[in-house]
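[1] No letters, just coordinates:
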């Protein structure tokens with residue numbers, strides 16, 4: 001009986017090599033084809049999230065760091081959300097925020113040599129129809145019961161209130177911890193939340209103070225995690241947030257120069 005013929009080793013190597021090359025080429029091609037669409041969707045999702053937590057805002061611009069200080073990017077400078085985090089999940093299932101850091105490599109460096117904050121710490125200024133500053137939206141993140149919780153919140157610097165909060169990413173326990181974005185009562189508890197002297201998590205009825213957040217029954221750890229993330233973020237941004245008088249200095253200076261030279 002004639003023995004079966006063995007396939008030469010080099011033929012196996014060549015076949016595997018060609019298959020691997022073609023597979024890699026297809027993956028890279030699909031990635032390059034879909035990436036612009038993904039980034040555009042993420043930018044639009046982030047824009048919606050910012051305007052959702054800043055109800056009075058109609059437009060937004062990012063904060064950029066210039067010479068060690070945070071400034072509001074002039075119009076036409078840094079593009080708010082270009083290549084930045086997707087955030088739409090905060091108002092829906094809270095699960096797709098994992099794209100937050102994935103798009104950071106496409107972020108604009110900002111205006112006048114400025115740069116945006118790191119993923120998870122970005123900030124945006126919101127403006128009304130007349131162009132007046134109505135508040136800021138801040139991304140923030142921290143440890144939850146299961147994993148990292150990422151969120152975005154709106155802040156009114158004049159009233160010293162958080163005016164909205166949405167979860168961007170959460171892997172908290174289904175049916176319990178996931179109530180931090182599924183429980184409307186908890187979510188809307190941040191719609192007019194005082195930050196002074198500090199945000200306090202309370203169980204039960206509490207004392208009715210404007211700086212109190214009511215913990216979710218059965219999800220106290222997740223509730224506390226959200227409060228701690230907000231506390232940490234406020235401590236970071238309280239001294240760093242630009243004031244109304246410092247915004248658009250680059251654009252104002254250019255305007256004054258034009259007027260002065262005319």
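    Yes, it's here. Because the structure is a prediction, the values reported are computed rather than measured. Numbers count the residues shown, from 1 in each chain.
[2] List the beta-bridge partners for residue 123.
    residue 138 (DSSP bridges).
[3] Am I right that it is in contact with residue 136?
    Yes. Applying Cβ atoms under 8 Å as the test, residue 123 and residue 136 come out as touching, 5.8 Å apart. Heads up, the C-betas are built off the backbone N, CA and C, glycines and all.
[4] Now do the shared contacts for those two.
    Residues touching both residue 123 and residue 136 (Cβ atoms under 8 Å, 6 or more residues apart in numbering): 63, 237, 241.
[5] So residue 166, which state does it fall into?
    With DSSP: H, G, I helix; E, B strand; the rest coil as the basis, residue 166 sits in strand.
[6] Residue 196 should be in a helix, yeah?
    No. With three-state DSSP as the criterion, residue 196 is assigned coil and is not in a helix.
[7] Next, work out how far apart it and residue 211 are.
    7 Å (Cβ to Cβ, to the nearest Å).
[8] Next SSE downstream of the helix or strand where residue 27 lies?
    Element membership for residue 27, per DSSP states H and E: helix 9-53. The helix or strand immediately downstream of helix 9-53 is strand 59-66, counting by DSSP H and E.
[9] Who are the packing partners of that next one?
    helix 9-53, strand 69-72, strand 123-127 (3 or more Cβ pairs under 8 Å, 6 or more residues apart in numbering; DSSP states H and E).
[10] chain center to the helix holding residue 27, what's the gap?
    23 Å (Cα atoms, centre = their mean, to the nearest Å).
[11] can you check stretch 147-166 too?
    With Cα atoms, centre = their mean, you get 11 Å for stretch 147-166.
[12] So which bits of it are buried?
    148-157, 161-166 (16 or more other Cβ atoms under 10 Å).
[13] again with stretch 182-197
    182, 186, 187, 189, 190, 193, 194, 195.
[14] got the end-to-end distance for that stretch?
    From its first residue to its last, stretch 182-197 covers 28 Å (Cα to Cα, to the nearest Å).
[15] Kindly report the same for stretch 176-184.
    Start-to-end, stretch 176-184 (Cα to Cα) is 14 Å.
[16] any idea whether residue 222 is helix, strand or coil?
    Assignment for residue 222 (three-state DSSP): helix.
[17] Isn't it up against residue 144?
    Yes. If you go by Cβ under 8 Å, residue 222 and residue 144 touch, sitting 5.6 Å apart.
[18] what sits in contact with each of those two?
    172, 177.
[19] now for the host helix or strand of residue 155, which elements pack on it?
    Taking DSSP H and E as the criterion, residue 155 maps to strand 148-156. Taking 3+ Cβ pairs under 8 Å, 6+ apart as contact, the helices and strands that strand 148-156 lies on are helix 9-53, strand 133-143, strand 161-169, helix 220-237.
[20] if you compare these, which one is most tucked away?
    A comparison of the helices and strands packed on strand 148-156 by mean neighbour count, using mean count of other Cβ atoms under 10 Å, puts strand 161-169 on top with a mean of 26.
[21] Give the pairing partners of that strand; include direction for each.
    strand 148-156 (antiparallel), strand 193-194 (antiparallel).
[22] re the thing from before, of all the helices and strands packed on strand 59-66, which lies closest to residue 172?
    Between residue 172 and the helices and strands packed on strand 59-66, the tightest spacing by Cβ to Cβ is seen for helix 9-53, at 18.7 Å.
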